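A.B. asks: everything below, folded, please.
(chains A and B)
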Amino acid sequence: DAKTTQPNSMESNEEEPVHLPCNHSTISGTDYIHWYRQLPSQGPEYVIHGLTSNVNNRMASLAIAEDRKSSTLILHRATLRDAAVYYCILRDDNQGGKLIFGQGTELSVKP
Amino acid sequence: DSGVTQTPKHLITATGQRVTLRCSPRSGDLSVYWYQQSLDQGLQFLIQYYNGEERAKGNILERFSAQQFPDLHSELNLSSLELGDSALYFCASSLGQGDFNERQFFGPGTRLTVL
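C.D. replies: Modelled structure (predicted):
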């Protein structure tokens, strides 16, 4: 399984943008990049996913490097509710649906 | 609210006992997944069922078993419980077989404490 590397923790100020990096140097051509987050005392929650092009949705943006060896999850204006552990996960069709969670990045947001 | 329900929310039991955790997927979803989250191992995939059939298996112990019923709800059975089985158990569901383009919706979890 292709692996991802994320910083253990990051801090942000409320209402400022946050860029959460993820390295996946062994990514294969068919791996999709998924991001999930887990708020305190809750189950994980889907955030966004992409293959090659940058993606936007109402929650966040995903910027994927041209060589696909890294990606960045962008929260445009962090709120206190965005404090969570963010997981970057590679998915391919050989995994049969399972999500392989790493340690993730614990994001704290200061008012 | 993800639409995935899990019961019970909390479960406290003793070593050697057997428990059953229940999950109801979102309406229309055919796949159910079980994950275990413990402090030392993090979030780990246990097993996936798609439309009643086992689809993928992770590091699930032999003491653990699961099934998906015709109405698509799923149960995770944990037997001969040990202290180390204390963890949060999450159920997730997805629309199809769980291909790489599919998102999963997680329930609120069942917290199991083995004393």
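
A.B. asks: so who does residue 63 touch?
C.D. replies: This is for chain A. A:54, A:71-72, A:74 (C-beta atoms under 8 Å, 6 or more residues apart in numbering or on different chains). In this view, the C-beta of every residue, glycine as well, is placed from N, C-alpha and C.

A.B. asks: my bad, the chain I had in mind was chain B
C.D. replies: When contacts are counted by C-beta under 8 Å, 6+ apart, residue B:63 touches B:78-81.

A.B. asks: count of neighbours near the residue of chain A found nearest chain B?
C.D. replies: Among the residues of chain A, residue A:97 lies nearest to chain B; the distance is 2.2 Å by C-beta to the nearest C-beta. Residue A:97: 24 surrounding residues under other C-beta atoms under 10 Å in any protein chain shown.

A.B. asks: shouldn't it be in contact with residue B:101?
C.D. replies: No. Contact criterion C-beta atoms under 8 Å: residue A:97 and residue B:101 do not qualify, at 11.2 Å.

A.B. asks: just the strands in chain B please.
C.D. replies: B:5-7, B:10-13, B:19-24, B:31-38, B:42-50, B:53-57, B:64-68, B:74-78, B:87-94, B:105-106, B:110-114 (DSSP state E).

A.B. asks: export those strands to JSON lines and append columns for mean neighbour count.
C.D. replies: Output for the strands of chain B, formatted as JSON lines (neighbours: other C-beta atoms under 10 Å in any protein chain shown):
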{"stretch": "strand B:5-7", "mean neighbour count": "16"}
{"stretch": "strand B:10-13", "mean neighbour count": "14"}
{"stretch": "strand B:19-24", "mean neighbour count": "19"}
{"stretch": "strand B:31-38", "mean neighbour count": "24"}
{"stretch": "strand B:42-50", "mean neighbour count": "22"}
{"stretch": "strand B:53-57", "mean neighbour count": "15"}
{"stretch": "strand B:64-68", "mean neighbour count": "19"}
{"stretch": "strand B:74-78", "mean neighbour count": "20"}
{"stretch": "strand B:87-94", "mean neighbour count": "25"}
{"stretch": "strand B:105-106", "mean neighbour count": "22"}
{"stretch": "strand B:110-114", "mean neighbour count": "18"}
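
A.B. asks: now residue 51. Its backbone dihedrals?
C.D. replies: Going with chain A. Per-residue torsions, residue A:51: phi -110, psi -60 (degrees, to the nearest 10).

A.B. asks: and for it, the neighbour number?
C.D. replies: 15.

A.B. asks: just give the nearest non-adjacent residue to it, would you?
C.D. replies: Closest residue to residue A:51 apart from its sequence neighbours, by C-beta to C-beta, 6 or more residues apart in numbering or on different chains: residue A:32 at 5.3 Å.

A.B. asks: tell me the contacts of that neighbour?
C.D. replies: A:49-51, A:90-92, B:100-101.

A.B. asks: from those residues, which has minimum pLDDT?
C.D. replies: Among the contacts of residue A:32, residue A:92 has the lowest pLDDT, at 75.

A.B. asks: you'd agree that one is up against residue B:101?
C.D. replies: No. Applying C-beta under 8 Å as the test, residue A:92 and residue B:101 come out as separate, 10.5 Å apart.
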